[in-house]
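Peer 1: Okay, sequence plus prediction incoming.
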Amino acid sequence: MFIAMNRIMCQPDYVEKFEHMFRTRAGEVDKMPGFISVKTLRPLKEDQPYIIMSFWEERSNFDDWLKSEAFKLGHRRGFDDVAKARAEGRQSPLTSSMEQYEVISE
């Protein structure tokens, strides 16, 4: 099993929209071969990131997701918000860093 963890820091004024986007997500990832599940974790402290954990049968399934049109569609709203902020010379409403893991025991 393979796990991708995306750590996302949100600007305070973007938190509500960010959470709404995950509650109303497009669901494109659910259709991908090898996809198992996704969990969205809300931090208990303001200075900590949200964590999005996606579980996959194989790393190659995740890599295929990243290259897919479904990935672009599933992330369109967030990508659009980041692009708009950059175009207006504002700070991005969110930043992210990706970590990848293989499960060695359960």
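Peer 2: Ah, there it is.
Peer 1: what comes up buried for the biggest helix by length in the chain?
Peer 2: Assignment by DSSP state H gives helix 69-87 as the longest helix of the chain. Neighbour-count burial for helix 69-87 flags 70, 74-75, 78, 81, 85 (criterion: 16 or more other Cβ atoms under 10 Å). Every C-beta, even on glycine, is put in place using the N, C-alpha and C of the backbone.
Peer 1: and those residues as TSV, adding distance to residue 4?
Peer 2: Listed next are the buried residues of helix 69-87 as TSV, based on distance: Cβ to Cβ, whole Å:
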residue	distance to residue 4
70	15
74	13
75	13
78	16
81	21
85	24
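Peer 1: For my notes, confirm residue 97 occurs in a strand.
Peer 2: Yes - secondary structure of residue 97 (DSSP: H, G, I helix; E, B strand; the rest coil): part of a strand.
Peer 1: Kindly provide the distance from it to residue 24.
Peer 2: 24 Å (Cβ to Cβ, to the nearest Å).
Peer 1: Distance from stretch 18-33 to the middle of the chain?
Peer 2: A distance of 9 Å separates the centroid of the chain from that of stretch 18-33, by Cα atoms, centre = their mean, to the nearest Å.
Peer 1: distance of residue 59 from residue 80?
Peer 2: Residue 59 is 28 Å from residue 80, by Cβ to Cβ.
Peer 1: One more: residue 1?
Peer 2: Separation of residue 1 from residue 80 (Cβ to Cβ): 32 Å.
Peer 1: quick one on the thing from earlier: so which one among the buried residues of helix 69-87 has the lowest pLDDT?
Peer 2: Ranked by pLDDT, the buried residues of helix 69-87 bottom out at residue 78, which has 74.
Peer 1: Quick one: list the elements packing against the least confident helix or strand in the chain by mean pLDDT.
Peer 2: Each helix and strand of the chain was given a mean pLDDT (mean pLDDT, DSSP states H and E); the minimum falls on helix 69-87 at a mean of 82. Under the contact definition 3 or more Cβ pairs under 8 Å, 6 or more residues apart in numbering; DSSP states H and E, helix 69-87 sits against helix 15-23, strand 94-102.
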